[in-house]
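Colleague: just coords:
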Ligand code: NI
Ligand code: MN
């Protein structure tokens, strides 16, 4: 069983779970950090954390080309269906999407959510993803919240956390979040894409090493990490 992830820039990831492709928040067109092109992305499942443009990104095009199932909240699912996306699975925090090789549980996130066209995007969320013998948490866009300690009880191999500040938690709160989540590996996201969210990721890694038990994993855009 093998699980690896590729950082596509911002909060976008491709996961390889035992040879199956999952994509999270695929924002590539207009993403200054992105290396991959939307037409290169394979997906069987697309997980969506909320409706902002820097997350919805190329998800409609990728879903239509691949036939992937878009897993998202109820309001977002209605919007994807209206765009002509055929396979949509709708849930909300506490609920779980399941298939033969992975599952994804919606978690809470503290943020806002509307589509670029102004449509209400429902509650933003994160996901706890299980597959290939590993457990990963993608926080979405959120502040620090104390219930992350409950998410930590899931036994996390990887936590993907925003560190950019302004629109989400920043570096200091992401270190606190790491203490609550207690993952084996912690991966920074949602930083350096645009000027307001510039951060020193080396400062962040130093703080993670000094103050938590987690191992910080920094990859370049399109860089890959295998979860051992
Ligand atoms: Ni957002
Ligand atoms: Mn965002």
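Modeller: Thanks, I have it. Fair warning: this is a prediction, and the values are worked out from it, not measured in the lab. Ligands and ions are numbered 1, 2, ... in the order given.
Colleague: which residues touch the spatially most central residue of the chain?
Modeller: Nearest to the geometric centre of the chain sits residue 138, at 4.1 Å (C-alpha atoms, centre = their mean). Contact partners of residue 138, counting by C-beta atoms under 8 Å, 6 or more residues apart in numbering, are 11, 13, 24, 25, 47, 49, 126, 127, 129, 160. Heads up, the C-betas are built off the backbone N, CA and C, glycines and all.
Colleague: Looking at the residues you listed, which two lie furthest apart in space?
Modeller: Across those, the longest distance by C-beta to C-beta is 13.9 Å; it joins 11 and 129.
Colleague: And the two? Which one has more around it.
Modeller: residue 11 (30 against 26; other C-beta atoms under 10 Å).
Colleague: show me the contacts for that one.
Modeller: Neighbours of residue 11 in contact, by C-beta under 8 Å, 6+ apart: 24-25, 27, 49, 54-55, 138, 140-141, 160, 162, 189-190.
Colleague: Looking at those residues, which are in helices?
Modeller: 54, 55 (DSSP state H).
Colleague: out of the contacts of residue 11, who's near ligand 2?
Modeller: 54, 141 (C-beta under 5 Å from the ion).
Colleague: any chance of the contacts of residue 11 in JSON lines, plus distance to ligand 1 and pLDDT?
Modeller: Listed next are the contacts of residue 11 as JSON lines, based on distance: C-beta to the ion, whole Å; pLDDT from 0 to 100:
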{"residue": "24", "distance to ligand 1": "13", "pLDDT": "99"}
{"residue": "25", "distance to ligand 1": "9", "pLDDT": "98"}
{"residue": "27", "distance to ligand 1": "10", "pLDDT": "98"}
{"residue": "49", "distance to ligand 1": "8", "pLDDT": "98"}
{"residue": "54", "distance to ligand 1": "6", "pLDDT": "98"}
{"residue": "55", "distance to ligand 1": "6", "pLDDT": "98"}
{"residue": "138", "distance to ligand 1": "13", "pLDDT": "99"}
{"residue": "140", "distance to ligand 1": "8", "pLDDT": "98"}
{"residue": "141", "distance to ligand 1": "4", "pLDDT": "98"}
{"residue": "160", "distance to ligand 1": "14", "pLDDT": "99"}
{"residue": "162", "distance to ligand 1": "9", "pLDDT": "98"}
{"residue": "189", "distance to ligand 1": "12", "pLDDT": "98"}
{"residue": "190", "distance to ligand 1": "8", "pLDDT": "98"}
